[in-house]
Structure formats: structure tokens, C-alpha cells
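**Student:** Coordinates for the following, if possible.
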Amino acid sequence: MNSYLASLLPEALLVDLPEIDTQHEEIFDRIETLKTACFESSYVPIDEFHSLLELFEQHFATEERLAEEAALDFVEHTKVHRDTLRILRKALGEVISGAHDAHSFLRYSEYWFERHISDDDKLFVAALRADRHRRSHKRRPAADAFSSAQA
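**Tutor:** Okay, here's the model as predicted:
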């Protein structure tokens, strides 16, 4: 496991792309910090909950940027991101209004994120790697391609 990651990101959820793994870790850290802040308390640090949603937005934007740079079809994955942000914003509104408790919101967020990494992000990173591998073979200098024939 890479040294830049703390223990909150389970090894099984590593995608082995440092930019993404670091963001995943930051989101898990924020969720854990919020759980601790709310534990056995009615206090809900609303700004920190909004900050969590901003981390999700930033992370999704990073994935979308990487997909665009690689010219990958990312329409369905982007739709999942948009739907999730809509659901999380609605759920946070219900926490703020008192209709739901903060711990339920955080447990849901954490479970959803774990599943998303396992089911979606790992496939996305595999597609990125395949694209990078394909591109690296296409960009070999012509001299390298013919060097064995000249020997």
C-alpha cells in the first residue's frame, strides 16, 4: 500500500491511481470526522456537511476530467455522479430540517461511496489504464518500430 494513504481507505478500495486514491481517502476521512463530531450529540456541523458534498463534487469533476482527457465514454458514470449529488443534497436538507439524523446520512454516504468505488471507479481506472497502454503503443517512434528489421 502506498505511504500517502492513511488507514481509513480499505486496501480493497485502492484503485492504484494516486490522484483518485487520495481523493477517496479525503472523503472517507471527512465522513469519519463528521461521525465523530455528531456522535451522541445533536450538534450537526452544517458547514462541514456542505464541505463533504463539495469533496464529492471535486472528486467527480476529477474523474470526468480524466475521462475526457482519455476520450472515454463516461456518460453513464457522469449520470451516476449527478444523481448521487442530487440525492445527497436532498438527504442533507432532510438532516438540516430534522427529518433525518446525521448518522443515517453519513452511513448512507459511506456505504454508497464504498460500493461506487468497487463497482464503478475500479472499472473506470482499468479503462483509463487500457487507454494509456493503447496510446503508448501508438506513439512509438517509427525508428523504434523498424530497428529490429535493420539489424
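**Student:** mind listing the helices for this structure?
**Tutor:** Secondary structure of the chain (DSSP state H): helices at 18-38, 46-69, 75-97, 102-116, 122-138, 142-150.
**Student:** Quick one: residues in contact with stretch 22-33.
**Tutor:** If you take Cβ atoms under 8 Å, 6 or more residues apart in numbering as the criterion, stretch 22-33 is touched by 4-6, 8-9, 13, 15, 48, 51-52, 55-56, 58-59, 62, 106, 109-110, 113, 117, 121. All C-beta atoms are positioned from the backbone trio N, CA, C, and that covers glycine.
**Student:** Could I have the buried ones of those as ChimeraX selection syntax?
**Tutor:** Applying 16 or more other Cβ atoms under 10 Å to those, the buried members can be selected in ChimeraX as follows:
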select :5,8,9,13,15,52,55,56,59,106,109,110,113,117,121
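**Student:** quick check: mean pLDDT across stretch 46-59?
**Tutor:** In this model, stretch 46-59 has a mean pLDDT of 96.
**Student:** quick one: residue 78 and residue 64 touch, right?
**Tutor:** Yes - counting by Cβ atoms under 8 Å, residue 78 does reach residue 64; the two are 5.8 Å apart.
**Student:** Overlap of the contact sets of the two?
**Tutor:** Counting by Cβ under 8 Å, 6+ apart, nothing touches both residue 78 and residue 64.
**Student:** Just the buried positions in stretch 76-92, please.
**Tutor:** Using 16+ other Cβ under 10 Å as the test for burial, stretch 76-92 gives 77, 81, 84, 88, 91-92.
**Student:** before we move on, back to that, least reliable of the helices of the chain going by mean pLDDT?
**Tutor:** Ranked by mean pLDDT, the helices of the chain bottom out at helix 142-150, which scores a mean of 44.
**Student:** okay, how far is it across stretch 30-49, tip to tip?
**Tutor:** 9 Å (Cα to Cα, to the nearest Å).
**Student:** How about stretch 92-108?
**Tutor:** Distance between the boundary residues of stretch 92-108 (Cα to Cα) amounts to 11 Å.
**Student:** which residues touch that stretch?
**Tutor:** Stretch 92-108 has contacts (Cβ under 8 Å, 6+ apart) with 31, 34-35, 38-39, 44, 46, 49-50, 53, 88, 91.
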